Structures are given as C-alpha cells and as structure tokens.
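Q: 3D, please:
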Amino acid sequence: MGREQDTVGGIAVIQAIETRYAGYRFRSRLEARWAVFFDNFGAGIREVARWDDYEKEAHQHFNLEPPNHSVGAIHYDYEKDGFRLMDGSMYLPDFWLPEFKLWVEVKPPEDAKGETTCSAFRDSDIGPILLCCGYPHEYTGTLFCWESSESGGGPSEFEAAFAYFSVGGPTLAILEGYRSSRRLHSDCYFEHTLPRYRFTEPCNYYSPIEATRISKQARFEHGETP
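A: Modelled structure (predicted):
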C-alpha cells in the first residue's frame, strides 16, 4: 500500500512513502492513487457499469440514455487549507473538490482515527467532508455533513460513493436514507444546500470502474506516468 517499515524504540512502525504526481508531493501512495482516480474519472464512463433491476426499470420509465459526450476529470486541490477545530486541534484535509464543495480525507482501511477527525471537522462548521478508506471504490465512503428534513435536522453521516448520472453529471451518490424532503447542507445553519449530491433515486447510474482500475494499476517509480 505504499508504506515503509521503520523502528522506534525497537518497535516496528509503518511509514507512508511520499509520492510525486501531477506536480504535487503526496504524503502517501494511497493519496496519489486517489488523485489518479480524480484525474481519470471520465475514462470509459460511456459503458454501463452497474445495472440492477431497479435501475433497469428507472431507465425504461425515464427513457434515459448513456451520455453522448466525454466526461471530464474531477478537479481537486491537494492540502489546500488547514483548520483549527472546535477542540483546538489543527487539521489539514487531503483534498478539496471545488465542484462538489467537498473536503476529502483519505485513510488506510485499518486507520481508526478518521471517523473521529471527520466528525470533529463537520461539527466545527467548516464544511462537509468525505472519509475514503483504502483504494478508490474499494469501500464506500462516509459523508459527514448536516441534513434537514420536514421532521428536523442535525449532524449526519451517510454511506456515499462517486458516480455519474446521465442527468447531472459527476455526482456524490448517497447510498442510503432517501426521503423526498431530506436536504444536505454544509453547516448547522442549513443556509447552503450542497451541489452535486444525490440520494439514490430513479436515474441512470454509472460507476467509474475504469478510473478505479487505472488508479489501482498506476506506477510511480522510475519516472513512469499513470
């Protein structure tokens, strides 16, 4: 997973390998693979990657067709800003996705601190943040944001993944909790509804399988370019 082993006080410590890609010096190979995923998000997107019975029925009902145009990259900034959280700790998120108004934190699957940090980030009213564990699309992510509905609102977490919808383009698909009245917000004041976020509802849904493959197979050694 792009990590080296060192020792501290005679105890083995796993360290991430810094990786250069796209003009950035990433702190780990895992972060660099997510950057490759974002850069190649539109690769092969014209192929229907996942159809279940629900989506087939929705496709027929709404008469939706695969996109007839190329889908571009998801734009990102790496380590754009650092923040002081409500508990006084300092935190530097990995990615900022301007089109999504979303921060992204990347962690290895065994890291237990990610949820605590992302929850504190959300509660500090800085903005929504997506916790991504492991390689791109190896696991679904967890979105930490604020939500409102006809019955109230408050801080929430949702299972989520990057996807493409034939109506709306690149989207963060919310994979649970659909209610027609539910809205996602960037802060506790519910002033700003989040763009490019969609609960799973009847529509044509594409999973970025090719971008996932490219990111997993990327080689960064000896001047190779993913």
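Q: Parallel or antiparallel, which strands does the longest strand along the chain pair with?
A: As assigned by DSSP state E, the longest strand anywhere in the chain is strand 152-165. If you go by DSSP bridges, strand 152-165 pairs up with strand 141-149 (antiparallel), strand 169-174 (antiparallel), strand 205-206 (antiparallel).
Q: Return the set of buried residues in that strand.
A: Going by neighbour count (16 or more other CB atoms under 10 Å), the buried part of strand 152-165 is 153, 156-158, 160-165. For every residue, glycine as well, the C-beta is placed using N, CA and C.
Q: distance between it and the chain's centre?
A: Using CA atoms, centre = their mean, to the nearest Å, the distance from the centre of strand 152-165 to the centre of the chain it belongs to is 11 Å.
Q: Least reliable of the strands paired with strand 152-165 by average pLDDT, please.
A: When the strands paired with strand 152-165 are compared by mean pLDDT, strand 205-206 comes last with a mean of 66.
Q: As a markdown table, the buried residues of strand 152-165 with distance to Arg84 and pLDDT would be great.
A: Listed next are these as a markdown table, based on distance: CB to CB, whole Å; pLDDT from 0 to 100:
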| residue | distance to Arg84 | pLDDT |
| --- | --- | --- |
| Gly153 | 25 | 77 |
| Ser156 | 23 | 90 |
| Glu157 | 22 | 92 |
| Phe158 | 26 | 91 |
| Ala160 | 26 | 91 |
| Ala161 | 30 | 90 |
| Phe162 | 29 | 91 |
| Ala163 | 33 | 86 |
| Tyr164 | 36 | 81 |
| Phe165 | 36 | 73 |
